[in-house]
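Asker: sharing a model that was predicted from the sequence below.
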Amino acid sequence: MERRELPSSAELAHAFAEWTAARLKAAIAERGATLLIVSGGMTPVRYFQVLSGLILDWSRVSVTLADERRVPEESSRSNARLVRENLLVGRAARAHFAPLADSRLSPEQELAAANARVAALPLPADVAVLGMGEDGHTASWFPGADRLAEAIDPGTRELVLPIVAPDAPEPRLTLTARVILRARTLALHIEGDAKLKTLSRALEGGPIEEMPIRAALRGASDRLTIFSTAPARQTAHAAI
């Protein structure tokens, strides 16, 4: 895998956005359409904002989420809302967005609709952007989650699974390894020393179920680029 460290969040957002746009442009040139999978949380906000202003044929870009909380889209905890407000604006407003959750439906209908929307996208994804929690989770692949083994199995039949994570306030929907690990390129976006320490642990030996980000680190290492800010001590030394 490749690792790229940038001195600041701002520099990281710009470098990562340019990297993403280059791959989306190449996919459009090759097959006329492209699919970008993104993750929620606060880490990608600045990256979304930079990416939304870059020039490419956004009308040929489809966007979906790695995972979603099963909440109404107007909720402050909705990843779809985060994406609509920070990525699907300006030039990127022309992109096609396929959210996962739909709180108007029953759980069974919501899951069926999510699987249908993802199946209709131009798979495989050209870029899958993953985040990582300090517990080593990615997407909604949480340690101890009820359907973790099925979610991280590249051979699973489902594209989207419902999943309940320990201590999580809401049930979730998550893309499975069948979608995420088959992406043409993957990126892991992390910022801060705490997550760099988590990454170091994840790169060590140990079961995937203990730190599910290992499913990507091991199962897609040949297509994975890690984008991170530099450790604080390294940044401070560079400033002297």
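Answerer: Perfect, I can see it now.

Asker: so what's residue 237 scoring on pLDDT?
Answerer: pLDDT recorded at residue 237 is 47.

Asker: with residue 107 instead?
Answerer: Residue 107 is given a pLDDT of 95.

Asker: find the nearest non-adjacent residue to it, please.
Answerer: Distances taken as CB to CB, 6 or more residues apart in numbering put residue 162 closest to residue 107, at 6.7 Å, once the chain neighbours are dropped. C-betas here are computed from N, CA, C, even on glycine.

Asker: list the contacts for the one you found?
Answerer: 70, 107, 111, 147, 171-173 (CB atoms under 8 Å, 6 or more residues apart in numbering).

Asker: just give me the closest of these to residue 180.
Answerer: Residue 180 has its nearest neighbour among the contacts of residue 162 in residue 173, at 13.3 Å by CB to CB.

Asker: what about the strand or helix carrying that closest one, distance to the chain center?
Answerer: When elements are defined using DSSP states H and E, residue 173 is found to belong to strand 172-175. Relative to the chain's own centre, strand 172-175 is displaced by 11 Å; criterion: CA atoms, centre = their mean, to the nearest Å.

Asker: which one of the contacts of residue 162 is nearest to residue 99?
Answerer: Of those, the one sitting nearest to residue 99 (CB to CB) turns out to be residue 173, at 9.6 Å.

Asker: any idea what the closest one is bridged to?
Answerer: residue 68, residue 162 (DSSP bridges).

Asker: and for it, the neighbour number?
Answerer: Look at residue 173: counted by other CB atoms under 10 Å, it has 26 neighbours.

Asker: burial count for the spatially closest residue to residue 32 that is not a sequence neighbour?
Answerer: Excluding its sequence neighbours, the residue lying closest to residue 32 (CB to CB, 6+ apart) is residue 60, at 6.5 Å. By other CB under 10 Å, the residues close to residue 60 number 19.

Asker: quick one: residues contacting residue 60.
Answerer: By CB under 8 Å, 6+ apart, the contact set of residue 60 is 28, 32-34.

Asker: please report phi then psi for it.
Answerer: Backbone torsions for residue 60, taken as degrees, to the nearest 10, come to phi -100, psi 10.

Asker: how about the contacts made by the residue nearest to residue 154 when sequence neighbours are not counted?
Answerer: Leaving aside its chain neighbours, residue 154 sits nearest to residue 177 (4.5 Å; criterion: CB to CB, 6+ apart). Counting by CB under 8 Å, 6+ apart, residue 177 makes contact with 151-154, 156, 215, 219.

Asker: how about a cut-off of 6 Å?
Answerer: Residues in contact with residue 177 (CB atoms under 6 Å, 6 or more residues apart in numbering) are 152-154.

Asker: and the buried ones among these, selectable in PyMOL?
Answerer: Restricted to buried positions by 16 or more other CB atoms under 10 Å, the PyMOL selection for the contacts of residue 177 reads:
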select buried, resi 152+153
